[in-house]
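S.K.: Here you go, sequence then predicted model.
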Amino acid sequence: YPLCALAVSDERPVSTQSTWEIRYLVSLDVIPALCDLLNSNNIKVIMVALEGLENILNVGENDKGRTGGRNLFARTVEECGGLDSLEHLQTVEIVGDDIYDRLIIIIRKYFGGDQEDGYVREPEVDSKRNEFQFGGDNVDMAAEEMPGGPTGFSF
């Protein structure tokens, strides 16, 4: 596995030749091998695997025009449990800031991790009164039913 990881992780920008090399390695099923390396106890191995996966996912992103708008390499990472491994690594204390930051970038860029969490919302601000509107329209409805008119927080 380490040779596969080293072959796809390169500090140079992804060129046409390296893009062809990456596609060739993907055809040899290097993605599951790299995903397995994410479960290593060796931080350097994990970082090399992340770099390799990021290069592969970048090629898949660039191929979306030829693949119906889908990153097929990202789908392969998901299918072999790689996304689960990436998410799990975010909770491991031994990973440093470099790995954690790279995890966040990969998940957001290639797996839609930048979508808003349905449970966490920023409060709306009433621009006319410069006040926070907690709960949106429901607050106004509840306040209208209260005797004495609307009340709320004012900062």
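M.R.: Happy to help now that I have it. Numbers count the residues shown, from 1 in each chain.
S.K.: Tell me where the model's unsure across this structure.
M.R.: Applying pLDDT under 70 to the chain flags the ranges 1-17, 113-127, 130-155.
S.K.: one more time with 80
M.R.: Scanning the chain for pLDDT under 80 picks out 1-17, 94-95, 113-155.
S.K.: need the strands for it, in chain order.
M.R.: With DSSP state E, the ranges of strands along the chain come out as 124-126, 131-133.
S.K.: What segments of this structure are helices?
M.R.: Applying DSSP state H to the chain gives helices spanning 2-8, 16-27, 30-37, 43-62, 72-79, 82-89, 97-111, 137-145.
S.K.: Need these in CSV (columns: distance to Arg129 and mean neighbour count).
M.R.: Backbone N, C-alpha and C define where each C-beta goes, glycine included. Converted to CSV, the helices of the chain look like this (distance: least, Cβ to Cβ, whole Å; neighbours: other Cβ atoms under 10 Å):
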stretch, distance to Arg129, mean neighbour count
helix 2-8, 55, 17
helix 16-27, 54, 14
helix 30-37, 51, 21
helix 43-62, 44, 20
helix 72-79, 44, 18
helix 82-89, 41, 18
helix 97-111, 34, 16
helix 137-145, 12, 12
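S.K.: Need the ones you listed in JSON lines (columns: distance to Lys128).
M.R.: JSON lines is the format used below for the helices of the chain (distance: least, Cβ to Cβ, whole Å):
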{"stretch": "helix 2-8", "distance to Lys128": "54"}
{"stretch": "helix 16-27", "distance to Lys128": "53"}
{"stretch": "helix 30-37", "distance to Lys128": "51"}
{"stretch": "helix 43-62", "distance to Lys128": "42"}
{"stretch": "helix 72-79", "distance to Lys128": "44"}
{"stretch": "helix 82-89", "distance to Lys128": "41"}
{"stretch": "helix 97-111", "distance to Lys128": "34"}
{"stretch": "helix 137-145", "distance to Lys128": "13"}
